[in-house]
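A.B. asks: I'll drop the sequence and a predicted model, then ask my questions.
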Amino acid sequence: MEKKRIVVKIGSSSLTDDEGKLSIEKLREHVDALASLRTHGHEVILISSGAVAAGCMGMGYLSRPDTVVDKQSAAAVGQSLLSQAYADECKKHRIVAAQLLLTKDLYKNANATISKLLERNVLPIINENDSVSAEELTFGDNDMLSALVSGLVHADILMILTDINGIYQDNPRTNPQAQKYLHLHEIPDELIDATSSDSSTVGTGGMKSKVEAARTALAFGVQVFIGSGTGSEKLVDIFKGKGDGTYIGVKTTMSV
Ligand SMILES: Nc1ncnc2c1ncn2[C@@H]1O[C@H](COP(=O)(O)OP(=O)(O)O)[C@@H](O)[C@H]1O
Ligand SMILES: N[C@@H](CCC(=O)OP(=O)(O)O)C(=O)O
């Protein structure tokens, strides 16, 4: 298998249980899958959401808060829990993990650090620095952050993992008849217009922010997958073109 540079983005919805709390079981499965992708020789960078969700309980919030300061405070509590959980699970695979908390205005400064970490076989784990990100200058969700990082590091592939198995013509939670796109060559304006920003209870941006991110990544020459999966081989399967989701792009790095 040819070595590729792969950015994997994991949304809050794929890291939490039914009550919206951080699920160590789910996080463990993601780390197992990331480890397998690395074992196949690929360079892997992780963009992980989940700080706000992970911090809600410690802050005494019963559900995801609405105000910026409440979300920022929950993220401050949750980011350290998230980072510790990744470090613990990575250690089981003898993987050293690094944490990078980026902001929209300064994210490009991380380029050299990410390159050095990859050179030393360290797994970069990136999130937005929620606690200091000003409302008018925030990514808000990590979809666009993952697309911009993919461009910055000249990634070959961006895999966006979420709680739904691809892009549908309409939100399948409200319209069960909606049809799924298996493969898209590009993201037309009509698709962005038709895609909803309705998200899960823990996520932000819904499918709209993911298709917008996919369009940005495509413009950088990065092939994109949006979908879900289970088990330690799910990322390798996505790479092989056997993922449960939507493949986007004209290149054939992933054997779609
Ligand atoms: N056209 C669509 N196709 C698929 N999912 C959609 C669509 N429109 C809205 N959604 C919603 O997007 C949600 C995923 O977005 P989000 O909650 O932000 O996830 P994440 O936390 O992984 O970023 C799904 O649970 C689904 O309900
Ligand atoms: N940076 C935030 C991400 C916010 C968010 O909900 O993102 P996502 O789940 O990717 O839609 C966090 O870690 O909670």
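C.D. replies: Happy to help now that I have it. Ligands and ions are numbered 1, 2, ... in the order given.

A.B. asks: ok now do residue 99, which residues does it touch?
C.D. replies: Residues near residue 99 by C-beta atoms under 8 Å, 6 or more residues apart in numbering: 83, 86, 125, 127. Where C-beta positions appear, they are placed from N, C-alpha and C, glycine not excepted.

A.B. asks: ok but it is inside a helix, no?
C.D. replies: No - assessed with DSSP: H, G, I helix; E, B strand; the rest coil, residue 99 is strand; it does not lie in a helix.

A.B. asks: Use 49 as the first number for this chain going forward.
C.D. replies: All set: I'll call the first residue 49, so the last point we hit is now residue 147.

A.B. asks: Can you tell me how far it is from ligand 1?
C.D. replies: 19 Å (C-beta to the nearest ligand atom, to the nearest Å).

A.B. asks: do the same with residue 210
C.D. replies: From residue 210 across to ligand 1, the span is 3 Å (C-beta to the nearest ligand atom).

A.B. asks: and what of residue 231?
C.D. replies: In terms of C-beta to the nearest ligand atom, residue 231 sits 15 Å off from ligand 1.

A.B. asks: And for residue 135?
C.D. replies: Applying C-beta to the nearest ligand atom to residue 135 and ligand 1 gives a distance of 22 Å.

A.B. asks: And residue 106, by the same measure?
C.D. replies: Counting by C-beta to the nearest ligand atom - residue 106 and ligand 1 are separated by 20 Å.

A.B. asks: Over to residue 82?
C.D. replies: Taken as C-beta to the nearest ligand atom, the span from residue 82 to ligand 1 is 16 Å.

A.B. asks: ok so, going back, from the contacts of residue 147, which is closest to ligand 1?
C.D. replies: Of all these, ligand 1 sits closest to residue 175, with 12.5 Å by C-beta to the nearest ligand atom.

A.B. asks: Next, count neighbours for the closest one.
C.D. replies: Look at residue 175: counted by other C-beta atoms under 10 Å, it has 23 neighbours.

A.B. asks: and it, which of the three is it?
C.D. replies: Three-state call for residue 175 (three-state DSSP): strand.

A.B. asks: Verify the stated contact: it with residue 128.
C.D. replies: No - using C-beta atoms under 8 Å, residue 175 is not in contact with residue 128, being 11.4 Å away.

A.B. asks: And for residue 139, the neighbour number?
C.D. replies: Counted with other C-beta under 10 Å, the neighbours of residue 139 add up to 12.

A.B. asks: Mind checking the pLDDT average for the strand or helix carrying it?
C.D. replies: Using DSSP states H and E, the element containing residue 139 is helix 116-140. Mean per-residue pLDDT for helix 116-140: 97.

A.B. asks: buried sites along that helix?
C.D. replies: Buried residues in helix 116-140, counted by 16 or more other C-beta atoms under 10 Å: 118-127, 129-131, 133-135, 137-138.

A.B. asks: which residues are contacting it?
C.D. replies: Applying C-beta under 8 Å, 6+ apart, the set of residues contacting helix 116-140 is 63, 70, 72, 75-76, 79-80, 83, 94, 96, 98-104, 106-107, 109, 112-113, 144-145, 147, 149, 171, 173, 175, 178-181, 183.

A.B. asks: So whatever helix or strand residue 198 lives in, near ligand 2 or not?
C.D. replies: Assigned by DSSP H and E, residue 198 belongs to helix 190-200. Yes - judged by C-beta under 6 Å from any ligand atom, helix 190-200 and ligand 2 are in contact via residue 190.
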